[in-house]
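1. quick one, structure for this:
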Amino acid sequence: MPPPTATTPSSPTTKPTLGLTGLTINAMALIAPGAFLWLTFQIQSLYGAPMAGSAMWFGIVAALLLCFATAISYAELSKIYPGAGSSYFYAEQAFLSKTKAYRFARIAKFFTGWASHLYYWVYPGCMVGVTAILGGYLLNQFWPDTFSSSYNSPLFMYGFCVVFALGVAYIAYRGVNGTTAVNMAVNIIQITALLVFSVIAIAYRVQHKQGSTGFHLSNGVAVNYVVAQDTVKDDKGNPTPVLDANNKPTMDKDGKPVYQMTDATDKDGIPVPADKDGKAVTDPKLAAPFTVSYAPEDAITGKAGDDKDPQTFNFHSTAGSVIAPHSFNFVFIQACIAILILVGFESVTAMGEEAKNAKRDIPRAVLLSLAIQGIVCYLIEYFAANYLLHNGYTIPNAAASGAPVGDMMVIVGTWLFGSYAAGKAFMLVQAATVFLALIGTTLACLNTGARVTYAMGRDNEVPSHFGMLHGRTLSPHRAIWTLAIISAIIGIITVAVYLGGTTPAALDKHSIWYSFGIFSPETYAKLPNTLVIITLISNFGTFLLYMMTCVIAIVAFREHHMFNGFKHFVVPVFGLLANLACMLFYLIGPFTVSGMSWKEPYIALGVAAIWGVYGLIYFTRNSKARGKEIYVSERPASVTA
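-> Numbering: from 1, shown residues only. Model prediction:
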C-alpha cells in the first residue's frame, strides 16, 4: 500500500464550498462595525487626549484610504495567486515568478508569514480581552450592588478570557461551513442594531436645541435635572483630596484642601435632585433642569500650553466639526487607532482553497467587505456617535468609561422610550448584538490566523503538526487550539491594566470579585494602559503585513502581462508609504503631540522588535536543522510570470 499523500483519502483536504456571499460575510465578520464602535470609542477618546478626539471621524477616513490601497493590492494578487495562505502564499509565488528575485522567495514567504502572526495571533487575544471588559461592564448593569461601575472585576475578566477563547475555538474547530452560518447571522443583527442607534442618536441631537432640557448620566443613570454634589470618600471614610500634577493635595485660596466631589445618590442609587443653587431637594419638580449646550466656548475649554488647565476638547458644536480634520497630528493619532477597526478585509484571501471560484470571488469579497463595513457602516455610526456628544456626555466622559457607546444608548433610550429603565433595556439589547458581533470577529480572525499557521506548518516553516487537518471537520485543529490558548493569555494581559493612564474614583466595592488585580487611582495614572499596548502590537503587526503585501504586489506584477501602472505600482507604493508613516508616527508622536503617551507605543514597538529578532533566529536555525536552503538556488520550471 502506498503511503498517504495529499491526494489520497488518508490525508483530508479542504473543500471548495464558499461563493461570493460566503466569502464576503466571513471578511465582514472580522471588521464588525457594531462591535468596534462600542469597544474602541473609549480608546479613541483617551489616546491623544485632551484634543485628539476631535479628529476621530476624519481619522477613520484617512485609515480607509490606507486600507483601500492595501485592499486593492490583495485583490489584484488574489486574481493571479488563488490559494490558502493569503500574503504568505503570495510572497512565495510572486518572487518565484521573477527571473532574478526568485532567490529571495523563501525569505519573503517566511517573514511575511511571521509578520502575519504578530497580527493574527495578537488580534484574537485583543478581542477576547475587550469582550471581557464588555462583560464586566454588563455585570454592573445587572448587579450594581455587587459590581463597581468604575472597576470591572479582575477575577471575572480573567476567567471569562479563558472560557470565551475556548468557546470560540470550538466553533472554528467545527469547520468553515458552520462558521459562515454564524457570521451571516451576526452581520445581519449587528448592522441592523447599528443603524437603529445611529438614527436615534442623530434624532436626539436634532430634537435637543441649544438651551433645551436634555439628559446626562449621573452614576450611570440618565436624568434630566441637576444633581446635588457629595464629597468623595475613600474606603476608610475619609474625604479624598483633589491632587495636582505632582500628586499633592490642592489647596483653595484660604489654604484649605479641595476635596473631590461626586453626584449624590439616595439609598436606592437614584441621583439626588438639586435646585438652581445646588442644594439637594426631595421633590424632583423643584429640581433645576439640566440644560443642553453645544456652545463653542463649552466645546473646547482650557488654555493651550497651560498644564493646570490644558486645552480640552469636549464635543462638537456643529455637524461640520464632526467631519473636520482639526489637526494633522490628531488625524494621524486617530488613523493609527482606527486601523484596528478596519482590518479584516484581507482575511478572506486565506480561504482560497475553500472558494468555489477563487479568482473571481475573492477579489470582489476583499473590496466589498471593506466598502460595506468601512464606508457605509463606520462613517455613519461614528458621525452619529460624535454628533450626539454635548455637555451632558463629553469626550472626557467617554475616555473614562468602560463602555461609552453603552452610556450614549442609555441617554438616547431614556429620551426615546420615556424612562431610565427602558433606556437601560435598550442598551442591553444593543449590548447583546455587540457580544454576538464580538463572537463573529474573534472567530473570523482565529480562523484566518489558524489557516496561515496551517499553511506554514504544511511547508515545514513552523512545526509540521500545525499543517494537519482534522479528519472529520477538515479544520486546522491543532493551530486552532494553540491559538485559543494564546488568545486567552493575551486577553488576560489586555484587561490587566485597562484603566492605565486614567484616574478613576476610589474602589467602592469590596468582595472576592475585587480581591486582587486592583490598584490605587494614583497608581493607575502612572501605569501604561495594557488595552492600548495590545491594540498597538496588533496594529504594528498589521502595518508590517500590509507593507509587505504592497511590496509583494509590486514584485508580482513587475514582469506580468497584466501590469497596470496605477493599480500595480502607484497604489501599492502609496499603501507602503502610508503604513510606514503610521509606524514611524508612533516613534515621534509622543514627543510632538500633547497628551500622547510614549509608554504604550514604545512597549508595543519593543514587542514587535523582539518578535522580529526571534523570527530571524528561528528561521536560521530551522533552515539548518531541516537542511533547507535560505536562498533559492534554482527557479522551479513550473512557475511563470
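2. how about the helices in the stretch 451-600 of the chain?
-> 477-496, 521-526, 530-558, 565, 571-592, 599-626 (DSSP state H, counting those that start in this stretch).
3. now the stretch 201-350 of the chain
-> 296-299, 319-323, 328-342.
4. most tightly surrounded among those helices?
-> Most buried of the helices of the stretch 201-350 of the chain, by mean neighbour count (mean count of other CB atoms under 10 Å): helix 328-342, with a mean of 24. Every C-beta, even on glycine, is put in place using the N, C-alpha and C of the backbone.
5. ok and that helix relative to helix 599-626, angle-wise?
-> Using axes from the mean of the first three to the mean of the last three CA atoms, to 10 degrees, the direction of helix 328-342 lies 50 degrees away from that of helix 599-626.
6. helix 530-558 and helix 328-342, what's the angle between them?
-> Using the same axes, to 10 degrees, helix 328-342 lies at 80 degrees relative to helix 530-558.
7. following element in sequence after helix 328-342, please.
-> Scanning forward in sequence from helix 328-342 by DSSP states H and E, the next helix or strand is helix 358-370.
8. which residues sit against that next one?
-> Residues from elsewhere that reach helix 358-370 (CB atoms under 8 Å, 6 or more residues apart in numbering): 16, 18-20, 23-24, 26-28, 31, 64, 67-68, 71-72, 74-76, 78-80, 82-83, 342, 344-346, 348-349, 351-352, 355.
9. what's the answer for stretch 271-280, then?
-> 218-219, 221, 223, 225-229, 263-266, 281-284, 286-288.
10. that older thread, so how do I select the buried members of the contacts of helix 358-370 in PyMOL?
-> One line in PyMOL is enough to select the buried ones among the contacts of helix 358-370; burial here means 16 or more other CB atoms under 10 Å:
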select buried, resi 18+20+23+24+26+27+28+31+64+67+68+71+72+74+75+76+78+80+82+83+342+344+345+346+348+349+351+352+355
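11. just the ones of the contacts of helix 358-370 in strands?
-> Filtering the contacts of helix 358-370 for membership in strands, criterion DSSP state E, returns an empty set.
12. measure stretch 345-360 end to end?
-> 16 Å (CA to CA, to the nearest Å).
13. again, but for stretch 492-501
-> OK, stretch 492-501 end separation, CA to CA: 18 Å.
14. for it, give the mean pLDDT please.
-> Predicted confidence along stretch 492-501 averages 92 (mean pLDDT).
15. contacting residues for the closest residue to residue 580 other than its chain neighbours?
-> If the residues on either side of it in the chain are set aside, residue 580 comes closest to residue 547, at 6.1 Å by CB to CB, 6 or more residues apart in numbering. Counting by CB under 8 Å, 6+ apart, residue 547 touches 575-576, 579-580.
16. ok, and the most crowded of the residues you listed?
-> For these, the largest neighbour count, defined by other CB atoms under 10 Å, is 27 neighbours, found at residue 575.
17. quick one, which of the helices of the stretch 451-600 of the chain is nearest to residue 397?
-> The closest approach between residue 397 and any of the helices of the stretch 451-600 of the chain, judged by CB to CB, belongs to helix 521-526 at 16.9 Å.
18. coming back round to it: mind checking which of the helices of the stretch 201-350 of the chain is nearest residue 374?
-> The stretch from the helices of the stretch 201-350 of the chain with the least distance to residue 374 (CB to CB) is helix 328-342; that distance is 5.5 Å.
19. what angle sits between that closest one and helix 358-370?
-> Taking the same axes, to 10 degrees, one finds helix 328-342 and helix 358-370 inclined to each other by 130 degrees.
20. which elements pack onto helix 328-342?
-> Taking 3 or more CB pairs under 8 Å, 6 or more residues apart in numbering; DSSP states H and E as the contact definition, the neighbouring helices and strands of helix 328-342 are helix 33-46, helix 56-80, helix 530-558, helix 571-592.
21. from the chain's centroid, how far away is the next helix or strand after the second one?
-> Following the chain from helix 56-80 toward its C-terminal end, the next helix or strand by DSSP H and E is helix 87-96. On the basis of CA atoms, centre = their mean, to the nearest Å, the separation between the geometric centre of helix 87-96 and that of its chain is 29 Å.
22. before we move on, the earlier item: list only buried entries from the contacts of stretch 271-280.
-> Members of the contacts of stretch 271-280 that pass the buried threshold by neighbour count (16+ other CB under 10 Å) are listed as 218-219, 221, 223, 225-228, 263-265, 281, 287-288.
23. closest to residue 614 among those?
-> Within the set of the buried ones among the contacts of stretch 271-280, residue 219 lies nearest residue 614; the separation is 47.4 Å, counting by CB to CB.
24. which phi and psi does that closest one have?
-> Backbone geometry at residue 219, expressed as degrees, to the nearest 10, gives phi 50, psi 40.
25. who touches it in this structure?
-> Taking CB under 8 Å, 6+ apart as the definition of contact, the neighbours of residue 219 are 149, 262-263, 265, 269, 271.
26. can you tell me which of those residues are in strands?
-> When the contacts of residue 219 are checked against strands (DSSP E), the matches are 262-263.
27. for the contacts of residue 219, which one is nearest residue 184?
-> Each of the contacts of residue 219 was checked against residue 184 using CB to CB; the closest is residue 149, at 35.5 Å.
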